[in-house]
Every structure is written in C-alpha cells, then in structure tokens.
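In: return a 3D structure for these sequence lines:
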Amino acid sequence: MLRTTRRAKRAICLVTLLLLAPAARPLMIDSRSPYFTLSSDEAGSAAKGTPEERILAALDFIRTGNMADARATVDALLEEKPNYRLAYLLRADLYAMRAMPLNTIGDGATQLDLAHQQMAERLADLRKEALVRMNYRNMPTPPDLLPANILQFTPQQKYAILVDADTSRLYIFANDNGVPKMVKDHYVTVGKLGVGKSVEGDQRTPIGVYFVYKHLPRPQLDKTYGQLADLYGVGAWPISYPNELDKSNQKTGSGIWLHGSPAATYARAPQASNGCVVLTNEEMLDVAQYLQIGTTPVIVTPKVEWLTRAQWKERHSTAASTLGQWKNAWESLNTEQYLNFYGSQFISGEGQNINAWRQQKAQVNAGKKWAKVELKDLSIFAVTGGTPQMVATFEQDYRSDNLENKMRKRLYWQPENGQWKIRWEGNAIN
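Out: Okay, the predicted model is just below:
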C-alpha cells in the first residue's frame, strides 16, 4: 500500500480547493527575494481592512518577502471569507514557496502538474483578478478629478453608477449640487468576451447609458429560476438594455443586470459573466442602497475619461450650450439651422430617417408663426472611449400658435465630422 507523503496530501487538497472555483496576466515576483529562506513556522500579523485591501496587502507582503504576515493575512481572510478563491490561490503559493521559487501568481498550483485545460483556465482567471486589483491599486484615481461621463444630474438623481470596463471598476458618484462627487468604488466582473454587446447570447456587456428600472430580490429569483437563482447571489437590479439607441441599431438581447455572486464564489474573474455587471454579494448590497428605481443612471463605458475640475466645467458648459443652441434653432423656425444639428444616420423614435425628418419639419415650420420650447429636469451623461456618445434627457414643454405638447424626451448625440450631431430623438422609455 502506497504511503501518501505530506507534500502529496497538500497537493491533493490544493487541487480540490481550486477545482471549486470559476473565476481573473501574470504578476512577476522577484526570485532573488530572501523569502525563500524564511521559516514556515514564523508567526505573522494579519493586515486589516476590506477583503480587497487585505488581498492586496498579502500580495505586497509576498513581493517584499514578508511571508509570515502574508500567511497570517491570507489565513485570516479565508477564515472570514471561505469562498474567496483568489485567497486560496495565494495560500497555495505560500505553501509552495517553502520548497521552490515561483515566477507568477498560481505557480504553486501549476507546478503540481495540473492536467486539465479547465483548471488551467480557472488559474488564469484568478491571475487576471489579482492583476486587475493590483493595477487599480497602483494607479488610483486622483481624488480631485471628475468623470467626463457625468455632466449634469437632474435634482431627483441622488447618485450615478459608472462602470469602467477597462479597469473592471464600478464607481458610485453622488449629486453634490450638480457636480459628481465620488462616494466609493468596487471591483466588478463584466462579460466573458468583454464589452460591446450587439446580439443575444454574445456574452458581452453593453456600452451605453442605461437606467435601473427594477429590483429582483432573491426570494423572487428563487421562485422564478429555482436552483439557477444562486447565480445572482443576493439579488438583481435590471438595467434598460437595449436602450432607444441600441434598438435603432438593431441590437438584440435582454436581461442585463447588476447582480451578486453565487454562494460558493466570493468574487468572479474580470470577464466571466454572460453580459451582466457582477459584484460580490456584500458589495452588491452596498451598491443597492444608492440605487433609485427608474432614476439612477448606469453608465457603462470602455474607459472613463478623468478631467480636472476646470476641464469638467468646460465640458459641462459645452454640452449644455450645444443643447441650448439646438433649442434656440427649433424656436427660431429656421428649418435649415435646426436640421444642421441632426446627423446623416439620424433615426427618430417613430423610425423616420433624416430625409423623412427633414421633410416633416419643413412642413410643420411653414405652418407656424412662433414656437417656444422649455427644457426642465435636464440630465446629461456620456460614453467615452470607443465610439463616444452623449445622452440628454429632459421634460420638454413645447408651445406654438397652433400646438401645445409636453413629453419626457431623450436625445442621443454622436460625433460626425468633428461636431456633435443628434443620432436619435424621441420619447424617453426609462
């Protein structure tokens, strides 16, 4: 009968733990560090803070050769969060480091000759998660910068959610007298194939300006989905994909939500969802307290553009001025001046293209003596990176000598030949 060695037992336990995980570029560790000679029995002190702060502290301890504090931090974290798979991976590395130098996060596991491709992919996901978290910590957002994505709140909008797909980060901004003020931020997961959703089932997260329109609590998910409800963790908050612009571009798909994580998984890899934006359960509950159903915008952008306060004020003024010029041209009954704000790819909410729109507006203006347009409760949000867009939503009060009309309207603007042009106009659905 073969006698299993102590090291083999550790290997079996490690593989079992890792096989429980879905998931996250390798992070190089200096092999000349003196940590290879530290005693495995040396006592250490665990770092304190949030789970993310502690996982980053453990990585810092490993880089500087402080294995005792690294072990203590990881052990304490796993005692509190027994489903934190990245912490298990670091524990595996810390065991393996006692016997051999390692080159990347997770090398302690790969050197145990894991044979299955699925395991290799899971390890790669965990490495990606570690890298994304460390990159964000090493390049923090300066506290005095503001996002170009949030240019104007309505008075009713207390908060806005901004998702930066490039850094796998979700930001919560408060409405501070019309100026965005960062409240906090969290690590998030997006689609397995990244962003830019266009068709049903493409496993991408949509890019655009959306709104939270519903809350699906866990009991309701359990009733609807049974055991599959565990995928959504503590609950889900659907967002309004496809929005009006998405539909005009024939984009398909639905069911894009903010939601939590399965019970057995503390955090998922940066790209692991079917298109939703996913947080840990405790962080999803934290974000939920800032969500106003039907009101809170969720802006998903390829990359956040950060501005100084002076730059932000200038961007805000430019956006508001552009909208004001459009309104003034409409009131002037100067059809050509008014139509100059519409792009060649324009589609109205009723499906009219720019030619049909031009003909209709010329006929309408010819029969009017005067017009007055008032815009209330205006919000302006923007997508930066990739194909930019600006989204203005407002309560419109239109009056003329032969017509009065009030409606909640939305305009989607996109650049064309170096100028902002209206790409879609119509009733605001959400």
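In: only C-alpha atoms from now on, for both contacts and neighbour counts.
Out: Noted.
In: buried residues, stretch 73-81. List them.
Out: Using 16 or more other C-alpha atoms under 10 Å as the test for burial, stretch 73-81 gives 73, 74, 75, 76, 77, 78.
In: turn these into TSV, columns for pLDDT.
Out: Converted to TSV, these look like this (pLDDT from 0 to 100):
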residue	pLDDT
73	92
74	91
75	92
76	93
77	91
78	92
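In: which of those residues fall in helices?
Out: 73, 74, 75, 76, 77, 78 (DSSP state H).
In: closest one of the buried residues of stretch 73-81 to residue 180?
Out: The shortest approach to residue 180 among the buried residues of stretch 73-81 belongs to residue 77, at 33.5 Å (C-alpha to C-alpha).
In: leaving out chain neighbours, which residue sits closest to residue 271?
Out: residue 192 (4.4 Å; C-alpha to C-alpha, 6 or more residues apart in numbering).
In: residues contacting that neighbour?
Out: 203, 204, 271, 272, 273, 274, 275 (C-alpha atoms under 8 Å, 6 or more residues apart in numbering).
In: can you give me the pLDDT of it?
Out: Residue 192 is assigned 94 on the pLDDT scale.
In: what of residue 198?
Out: Predicted confidence (pLDDT) for residue 198: 96.
In: who touches it in this structure?
Out: With contact set as C-alpha under 8 Å, 6+ apart, residue 198 has these partners: 204, 206, 250, 251, 252, 253.
In: what count of nearby residues applies to the last one?
Out: Spelled out, that is residue 253. Residues near residue 253, counting by other C-alpha atoms under 10 Å, number 15.
In: domain ranges for the chain, per the record?
Out: 6-138, 146-306, 307-427 (automatic domain parsing).
In: ok now the shortest one, how far from the chain's centre?
Out: Meaning domain 307-427. Distance, stretch centre to chain centre, for domain 307-427: 28 Å (C-alpha atoms, centre = their mean, to the nearest Å).
In: gap between the two ends of that domain?
Out: The straight-line separation of the ends of domain 307-427 (C-alpha to C-alpha, to the nearest Å) is 31 Å.
In: average pLDDT across it?
Out: So the average pLDDT for domain 307-427 ends up being 96.
In: end-to-end on stretch 299-311?
Out: Termini of stretch 299-311 sit 20 Å apart (C-alpha to C-alpha).
In: give the bridge partners for residue 300, please.
Out: Residues in a beta bridge with residue 300, per DSSP bridges, are residue 163, residue 208.
In: residues in contact with it?
Out: Residues near residue 300 by C-alpha under 8 Å, 6+ apart: 162, 163, 164, 165, 206, 207, 208, 209, 210, 383.
In: what lies in contact with whichever helix in the chain runs longest?
Out: Counting by DSSP H, the longest helix found in the chain is helix 309-332. Applying C-alpha under 8 Å, 6+ apart, the external contacts of helix 309-332 come out as 144-148, 151-152, 335, 337-338, 341, 370-373, 380.
In: got it, and stretch 250-267?
Out: Applying C-alpha under 8 Å, 6+ apart, the contact partners of stretch 250-267 are 20-23, 81, 83-85, 197-201, 205, 230-242, 246, 268, 275-281, 284.
In: starting at the chain centroid, how far to whichever strand or helix holds residue 224?
Out: Applying DSSP states H and E as the criterion places residue 224 in helix 218-225. Its chain's C-alpha centre and that of helix 218-225 lie 24 Å apart, by C-alpha atoms, centre = their mean.
In: just stretch 177-185 next, same as before
Out: Taking C-alpha atoms, centre = their mean, one finds the center of stretch 177-185 at 16 Å from the center of the full chain.
In: next structured bit after the longest helix of the chain?
Out: helix 335-339.
In: of the contacts of residue 300, which is the nearest to residue 219?
Out: Closest to residue 219, out of all of the contacts of residue 300 and judged by C-alpha to C-alpha, is residue 210, at 25.2 Å.
In: that older thread, same list (the contacts of residue 198) but as TSV, adding pLDDT, distance to residue 61 and secondary structure.
Out: Shown next, in TSV, are the contacts of residue 198 (pLDDT from 0 to 100; distance: C-alpha to C-alpha, whole Å; DSSP: H, G, I helix; E, B strand; the rest coil):
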residue	pLDDT	distance to residue 61	secondary structure
204	97	35	coil
206	97	38	coil
250	95	50	coil
251	97	47	coil
252	96	47	coil
253	95	44	coil
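In: between those residues, which is nearest residue 392?
Out: Within the contacts of residue 198, the smallest distance to residue 392 is 18.7 Å, found for residue 206 (C-alpha to C-alpha).
In: tell me who's in contact with that closest one.
Out: Counting by C-alpha under 8 Å, 6+ apart, residue 206 has contacts 195, 196, 197, 198, 241, 275, 300.
In: just the pLDDT at the last one, thanks.
Out: It refers to residue 300. At residue 300, pLDDT is 98.
In: likewise for residue 26?
Out: Reading off the model, residue 26 has pLDDT 34.
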